[in-house]
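Participant: A structural model of the following input is requested.
(chains A, B, C and D)
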There are 2 protein chains.
Amino acid sequence: MTLISEAGSERGTVTQLRAYLAQAELPEDGRLPPERDLSEALGVSRTELRKALGTLEAEGQIWRHVGKGTFVGSRPIDTFADLTALAKRTNPAEVMRARLIIEPEIARAAALTATPMHIAEMRTCQARTREAATWRQYENWDNRLHRTIAEAAQNTPLLGIFDTLNALRRAVTWGRLRSTPVKPRPDHHSFTEHDAIVDAIANRDMNGAAAAMRAHLQTVERNLLDRQSAPGE
Amino acid sequence: MTLISEAGSERGTVTQLRAYLAQAELPEDGRLPPERDLSEALGVSRTELRKALGTLEAEGQIWRHVGKGTFVGSRPIDTFADLTALAKRTNPAEVMRARLIIEPEIARAAALTATPMHIAEMRTCQARTREAATWRQYENWDNRLHRTIAEAAQNTPLLGIFDTLNALRRAVTWGRLRSTPVKPRPDHHSFTEHDAIVDAIANRDMNGAAAAMRAHLQTVERNLLDRQSAPGE
DNA sequence: AATCCAAACCAATACTGAATTGGTTGGAGA
DNA sequence: TCTCCAACCAATTCAGTATTGGTTTGGATT
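Facilitator: As a prediction, this is how the structure comes out:
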């Protein structure tokens, strides 16, 4: 073997792969055969094939994933909608900060676009939180209230973002359940704060809605931190 | 079986169920035993139990799903975990509106938390957009600039949200690529607008950063709409 | 000494078939 | 008519197995 063939061994495999990709009939999803098969088909060692695949991947021609396979084209756009992966890299404080940044703006938008039906549903959720006999029920209606506000913004991507944040919150807080089985006290801070938010939205007061939501979340944040610093409450 | 028990059979089962729900120790997810077991445990026929469960479901106390089971609380929101599903329900205008709501707040947060390294990277991206020889290169560095701003906010969930929005934008705009192969003109609006954003962040001017980002996105939105109303540009 | 290769191993994913579960139907019986 | 029971249905879950890209190891080649 000459100097050239030696020096170009990897490049050779790359061009061979390129030719294969141009010629081969790939299935609908663009998946190409597993490395073990492909290396045999091309008459190359798996090591060498993997190096070539590596350069092609660096070029963005293909993408790979353990257990899934190797595919032509660019990686599909599911990106990091994967909550569990995100949840592992973050913590409740960060999620809370993100909520503080996002949700007031959602409330602001909702103040502009909410329909009477939305507002009526918000009031219903409010009433239900007050009637709640357990914390579970309370949180249930609290969630629903916040989501109704997000729905009132009438923006699909925004609603998706809200859901993502919400799911993230649950994933991160998972395992730290409210221990007390009693129901929320009638003077629970959220009641008046929720009132302020919904009232502002009903009055089409965008700044007020944003401010009320921010104030509410800040209270929630304070409670969260307190509970962390003094566990067992 | 007496007349009373017969006449009140269903109502009786409902109250019996209510008592069960109040007393029973339910697992974390609020799932209650399968109908077949529960009917035996309560000493009721499955038919009757199902009627009672039906009324409780109508009241919103529980929710059921084939194969999953029966759960207390209200039906969880079907979150669009999948971006492609979300992309099908929305449109460029909505995505643009969502960006207008979210990204200024990200810029505001970035103004507070950006490190000198972040700012330096922003300036680099800026320079690269000016040097770009093609629209593709320009958009590449433009994307990177916006993402650096999101990184500078130093909040994992926020960055995830930004990526989601970005992926959504690409998914929705997919197919309508910029046809002109020429490079951006030196007086392209984005240049000065990007300057304003980065300057504000560097000056720790939170309101300024948010305003500049909003102004920038509004210009982008206007261009987008213009292009829609006059296709082919 | 440096590479390369084949095999084994690893962890993530896909796949497959059985079991579970809410929903439905049909017949027996009161 | 109504209830009950059993069987059945379709959606979902679950557990075990097979694939698959990624990594390590030991030996062979140069």
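Participant: right, and A:A153 touches A:I161 too?
Facilitator: No: A:A153 is not in contact with A:I161 according to Cβ atoms under 8 Å; the separation is 10.2 Å. For glycine as for every other residue, the C-beta is placed from the backbone atoms N, C-alpha and C.
Participant: Quick one: list the elements packing against the strand or helix carrying A:A211.
Facilitator: For A:A211, the element it lies in under DSSP states H and E is helix A:206-229. Of the remaining helices and strands, those touching helix A:206-229 by 3 or more Cβ pairs under 8 Å, 6 or more residues apart in numbering or on different chains; DSSP states H and E are helix A:92-113, helix A:189-202.
Participant: is the first one up against chain B anywhere?
Facilitator: Yes: where contact is defined by Cβ under 8 Å from any Cβ of the partner chain, part of helix A:92-113 touches chain B, namely A:E94, A:V95, A:R97, A:A98, A:I101, A:I102, A:E105, A:I106, A:R108, A:A109.
Participant: In PyMOL, how would I select just the buried ones from these?
Facilitator: Only the buried entries of the residues of helix A:92-113 next to chain B go into this PyMOL selection, using 16 or more other Cβ atoms under 10 Å in any protein chain shown:
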select buried, chain A and resi 94+95+97+98+101+102+105+106+108+109
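Participant: give me every residue that touches A:F162.
Facilitator: A:I102, A:E103, A:I106, A:H146, A:R147, A:A150 (Cβ atoms under 8 Å, 6 or more residues apart in numbering or on different chains).
Participant: So A:W63, which state does it fall into?
Facilitator: Following DSSP: H, G, I helix; E, B strand; the rest coil, we place A:W63 in the strand state.
Participant: Contacts only, for it.
Facilitator: A:W63 neighbours (Cβ under 8 Å, 6+ apart): A:E57, A:T70, A:F71, A:G73, A:S74, A:R75.
Participant: Of these, which one scores lowest on pLDDT?
Facilitator: pLDDT across the contacts of A:W63 is lowest for A:R75, at 74.
Participant: Would it be right to say that that residue lies in a helix?
Facilitator: No: remark: A:R75 does not belong to a helix; assigned using three-state DSSP, it is coil.
Participant: Run a quick neighbour tally on it.
Facilitator: Per other Cβ atoms under 10 Å in any protein chain shown, the neighbour tally for A:R75 reads 13.
Participant: what's near enough to touch it?
Facilitator: A:R75 makes contact with A:W63, according to Cβ under 8 Å, 6+ apart.
Participant: Same check on A:R46?
Facilitator: A:E35, A:R36, A:S39.
Participant: Go through those and flag which are in helices.
Facilitator: A:E35, A:R36, A:S39 (DSSP state H).
Participant: With neighbour count, distance to A:D199 and pLDDT added, can I get the residues you listed in TSV?
Facilitator: Output for the ones in helices among the contacts of A:R46, formatted as TSV (neighbours: other Cβ atoms under 10 Å in any protein chain shown; distance: Cβ to Cβ, whole Å; pLDDT from 0 to 100):
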residue	neighbour count	distance to A:D199	pLDDT
A:E35	16	62	96
A:R36	10	65	95
A:S39	20	68	95
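Participant: one step back: near DNA strand C, list only the ones from the contacts of A:F162.
Facilitator: Among the contacts of A:F162, proximity to DNA strand C is found for none (Cβ under 7 Å from any atom of the strand).
Participant: For ChimeraX, write the select line for the buried members of the contacts of A:W63.
Facilitator: Selection of buried members from the contacts of A:W63 for ChimeraX, criterion 16+ other Cβ under 10 Å:
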select /A:70,71
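Participant: how would you label the most centrally placed residue in chain A: helix, strand or coil?
Facilitator: Closest to where the C-alpha atoms of chain A average out (Cα atoms, centre = their mean) is A:T164, at 3.9 Å. Per three-state DSSP, the secondary structure class of A:T164 is helix.
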